[in-house]
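J.: I would like the atomic coordinates for the input below:
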Amino acid sequence: MVEGAIDLKIKGNMLAGITKKVSLSLMLSFVILISSFNSAFATSSSKNIKEDFTVTPTLIEEMAASLTDQELTDNPYLLDVLVDMKEIVNDSKDISFTALNSQLHERESYTNHMNSRLEKNESITRVSYTQEDEEQLQRVDRLAQYYYDYHQEHGYYPQESMQTASLASSVTVLKGMGLAFTESGLATRLAALGLVATVDGPLPVGDFIALVSGAVMVGGFVYSYLSAETAIANNIGVYEGQTYRISSTKSLSATRVIAYPNNYKHFSAAPNNGWGGGVFVLEPIPYTTAAFRASVGMDTYSLTVTDARAVAQAATATGLSPVHVNTK
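T.: As a prediction, this is how the structure comes out:
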């Protein structure tokens, strides 16, 4: 599947993301973490930006190298697809990726593999957030801002932040991740982490969830986080534990790759189907490899609308491929 932001027809409920240069809204953000995992279709009826390319045996080897051991274990059909691709390329000279895809789609084994992959995706149980979860986290963000402002003025947090009052209900999303927080307790932590991260405000609750789940984060504070990543990870290690320090280190490292992509526009990716949601961004890959991964049902992440659309359109012979979008 292709991660990106594209304004197209909504189909279902899955993942999302988008870019630092497109207002930093196309990656893992609060709305992505909480509720707006939607998939859509990029179709050839939109502006034609498909970039075809010639497939060579060397290119197939590069494509195969992007697949992790876990992906190959979970999807053994990928080896068969690679064998089919090599066979077609060896029998044809200067074959384009579009033509290769067309020939693959004519093979019954390939269509059976892809149908099986789609059925597998549909069978995965994904954690979904309720309206109550969203409202609770919005309350926490508002309370964290109040605590942060109070601390800035008085040098300490208000007494209510230390008490179990009406706002002290358990935060459901974090409970599912193994973290026990009351709303007031989490708001206090967010205010404190905002000071650690020097972001001129509390840490947004969505960013905190991304940190402790190891997922990519984006938002207006991302570069402040990266400049204070050691302090943030250490602070989380002290208060949430070493397991979450490791997760936050992974989150910040992946965020750095996205924030400073070194001319890469595409990345291999994997969905987080558990609490926290979102997507794990893995390694930078060239466009050709992104198109290959999308064509065989593996996840990719692209930085911009145009980049995501190009991968989606190249992914199948018809130019029709699932794309994850942020609709908020």
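
J.: so what's residue 63 closest to, chain neighbours aside?
T.: In this structure, residue 63 finds its nearest non-sequential neighbour in residue 292, 4.0 Å apart by C-beta to C-beta, 6 or more residues apart in numbering. The C-beta positions use only the backbone N, C-alpha and C, and glycine is treated the same way.

J.: in which helix or strand would I find the one you found?
T.: helix 287-295 (DSSP states H and E).

J.: Which strands or helices does that helix pack on?
T.: Taking 3 or more C-beta pairs under 8 Å, 6 or more residues apart in numbering; DSSP states H and E as contact, the helices and strands that helix 287-295 lies on are helix 57-65, helix 97-105, strand 266-271, strand 300-302, helix 305-314.

J.: if we go to 7 Å?
T.: Packed against helix 287-295 by the contact rule (3 or more C-beta pairs under 7 Å, 6 or more residues apart in numbering; DSSP states H and E) you find helix 57-65, strand 266-271, strand 300-302, helix 305-314.

J.: Could you identify which of the ones you listed is most buried?
T.: strand 300-302 (a mean of 32; mean count of other C-beta atoms under 10 Å).

J.: Can you tell me the strand partners of that one and which way each runs?
T.: Sheet pairing for strand 300-302, assigned by DSSP bridges, gives strand 2-3 (parallel), strand 266-271 (antiparallel).

J.: Would you convert those into a markdown table that also reports distance to residue 137 and mean pLDDT?
T.: Below are those laid out as a markdown table (distance: least, C-beta to C-beta, whole Å; pLDDT from 0 to 100):
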| stretch | distance to residue 137 | mean pLDDT |
| --- | --- | --- |
| strand 2-3 | 23 | 48 |
| strand 266-271 | 21 | 84 |
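
J.: Going along the chain, name the strands of this structure.
T.: Using DSSP state E, the strands of the chain run over 2-3, 38-42, 266-271, 279-285, 300-302, 321-325.

J.: and the ones you listed, which one is worst for confidence?
T.: Of all the strands of the chain, the minimum mean pLDDT falls on strand 38-42 (a mean of 29).

J.: Residue 85 contacts residue 59, correct?
T.: No. If you go by C-beta atoms under 7 Å, residue 85 and residue 59 don't touch, sitting 9.6 Å apart.

J.: On the pLDDT front, check residue 212 for me.
T.: pLDDT at residue 212 comes out at 92.

J.: quick one, what contacts residue 202?
T.: 144-145, 148, 190-191, 194 (C-beta atoms under 7 Å, 6 or more residues apart in numbering).

J.: is it possible to export the helices and strands packed on helix 287-295 to JSON lines including distance to residue 136?
T.: Converted to JSON lines, the helices and strands packed on helix 287-295 look like this (distance: least, C-beta to C-beta, whole Å):
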{"stretch": "helix 57-65", "distance to residue 136": "43"}
{"stretch": "strand 266-271", "distance to residue 136": "24"}
{"stretch": "strand 300-302", "distance to residue 136": "29"}
{"stretch": "helix 305-314", "distance to residue 136": "31"}
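
J.: Mark which of the contacts of residue 202 are buried, thanks.
T.: 144-145, 148, 190-191, 194 (16 or more other C-beta atoms under 10 Å).

J.: Can you tell me which of those residues is closest to residue 215?
T.: When the buried ones among the contacts of residue 202 are ranked by distance to residue 215 (C-beta to C-beta), residue 190 comes first, at 17.2 Å.

J.: Identify the residues contacting the spatially closest residue to that closest one that is not a sequence neighbour.
T.: With sequence-adjacent residues excluded and distances taken as C-beta to C-beta, 6+ apart, residue 190 is closest to residue 144, at 3.9 Å. Going by C-beta under 7 Å, 6+ apart, residue 144 touches 187, 190-191, 202.

J.: I'd like those as TSV, with distance to residue 272 and pLDDT appended.
T.: Below are the contacts of residue 144 laid out as TSV (distance: C-beta to C-beta, whole Å; pLDDT from 0 to 100):
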residue	distance to residue 272	pLDDT
187	24	94
190	21	96
191	26	95
202	24	95
